[in-house]
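In: Next comes the sequence, and after it the predicted model I'd like to discuss.
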Amino acid sequence: MSAFDRRVSIECVLIMVVLLSSSKGGMSEEVHVKVSKSVQLHVEVTNSLEGNSDLTVSCENIDPTQHLLQSNASYQWDYSGSLPFSKPPFFCSFRWGLQDHIYNLVVPLWDFDCKQHCHWVIRESGPCKYYSTKLVCFKWLKT
């Protein structure tokens, strides 16, 4: 199973758990989901757009500042705290030209390798992340 398929499968399971736990009828037991725990992360984003395009990155839940990255430039956040599902700190927007996309750069249920440093490479087709030495790319989330 590819990393993308695994991520989609886990998202589907989470959605089902949330829907089942929020329904008032049909279940006799409560479903509890552990929301978050405290973590320390370094999350880095590198602009790898074609044609020397500038990239604006904004992760409003962690930092209200919009960061303008020129071609091949990077920005890094150092983060200590919890990763709540309701307000994920690394749910970010990415803008260049007339393009506007969103993506959640850190999801604690499957980003086990992100404990200390996550390095994302932003391309037109979607964000890519290094898993050890292998670059794995994902599709942008639908807005």
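Out: Done, it's in. In this text, all values refer to a predicted model and were calculated from it rather than measured experimentally. Numbers count the residues shown, from 1 in each chain.

In: For this structure, just list every one of the helices.
Out: 3-22 (DSSP state H).

In: how does it divide into domains?
Out: In terms of domains, the chain is parsed into 1-33, 35-137 (source: automatic domain parsing).

In: for residue 44, which residues make a bridge with it?
Out: Note on residue 44: beta-bridge partners by DSSP bridges are residue 76, residue 119.

In: Just list the residues touching it, thanks.
Out: By Cβ atoms under 8 Å, 6 or more residues apart in numbering, residue 44 lies in contact with 74-77, 117-120. Quick note: C-beta positions are derived from backbone N, CA and C, even for glycine.

In: that older thread, which one of the domains of the chain has the lowest average pLDDT?
Out: Mean pLDDT values for these show the minimum at domain 1-33, a mean of 45.

In: Tell me what the nearest residue to residue 59 once chain neighbours are set aside is bridged to.
Out: Closest residue to residue 59 apart from its sequence neighbours, by Cβ to Cβ, 6 or more residues apart in numbering: residue 92 at 4.0 Å. Applying DSSP bridges to residue 92 yields these beta-bridge partners: residue 103.

In: quick one: residue 92 from residue 51, how far?
Out: If you measure residue 92 against residue 51 using Cβ to Cβ, to the nearest Å, the figure is 22 Å.

In: which one of the two has more residues nearby?
Out: Legend: neighbour count by other Cβ atoms under 10 Å for residue 92 and residue 51, higher for residue 92 (26 against 8).

In: for the more buried one, what are its contacts?
Out: Applying Cβ under 8 Å, 6+ apart, we find residue 92 in contact with 45, 57-59, 102-105.
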